[in-house]
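Student: next come a sequence and a model predicted from it.
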Amino acid sequence: MNPVINFVELENRVIAATYRKLMIGAKVQLVEKTSGEALPEPVTRITSPMPSGSLRISLPASVGAGDYFLRALNGHGELAAQSAVFRIS
């Protein structure tokens, strides 16, 4: 099983993403590319019992411009999937 998370678009400071094969309880983090550090917010949990779906993640004002990616962690906190890098301006 290879989980996948895909960045779809960023519009009005809302990230749209899709995922496949992520189980309930998985956590999706926004990660700053240069440092590799996950931002403390936003953090989204998969709550759907279906292993595929979509997410809309609102960005707080504290998220500045830069290159980011989404990282999905399974219920045990282990890396499950990572999106391509995208830019927030």
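Tutor: All right, it came through fine.
Student: what residue is smack in the middle of the chain?
Tutor: For the chain, the residue nearest the mean C-alpha position is Leu70 (3.4 Å; C-alpha atoms, centre = their mean).
Student: skip the chain neighbours and tell me the closest residue to it.
Tutor: Of all residues not flanking Leu70 in the chain, Ser83 sits nearest, at 4.0 Å (C-beta to C-beta, 6 or more residues apart in numbering). Using the backbone N, CA and C atoms, a C-beta is placed for each residue, glycine as well.
Student: buried residues, the helix or strand encompassing Thr18. List them.
Tutor: Using DSSP states H and E, the element containing Thr18 is strand 14-20. For strand 14-20, the neighbour count (16 or more other C-beta atoms under 10 Å) marks Ile15, Ala17, Tyr19 as buried.
Student: tell me how far the ends of stretch 13-27 are from each other?
Tutor: Terminal residues of stretch 13-27 lie 20 Å apart, using C-alpha to C-alpha, to the nearest Å.
Student: hang on, I meant stretch 36-55
Tutor: 22 Å.
Student: quick one: average pLDDT of that stretch?
Tutor: Stretch 36-55 comes out with an average pLDDT of 94.
Student: return the distance of the residue nearest to Leu70 relative to Asn2.
Tutor: Ser83 sits 14 Å away from Asn2, going by C-beta to C-beta, to the nearest Å.
Student: what's the answer for Thr18, then?
Tutor: In terms of C-beta to C-beta, Thr18 sits 15 Å off from Asn2.
Student: which stretches of this protein have low pLDDT?
Tutor: 1 (pLDDT under 70).
Student: let me see the ranges of the helices in it.
Tutor: Applying DSSP state H to the chain gives no helices.
Student: in it, which spans are strands?
Tutor: 4-11, 14-20, 27-32, 38-45, 53-58, 66-73, 79-82, 86-88 (DSSP state E).
Student: so which elements touch the last one?
Tutor: The one in question is strand 86-88. Packing contacts for strand 86-88, counted by 3 or more C-beta pairs under 8 Å, 6 or more residues apart in numbering; DSSP states H and E, involve strand 4-11, strand 66-73.
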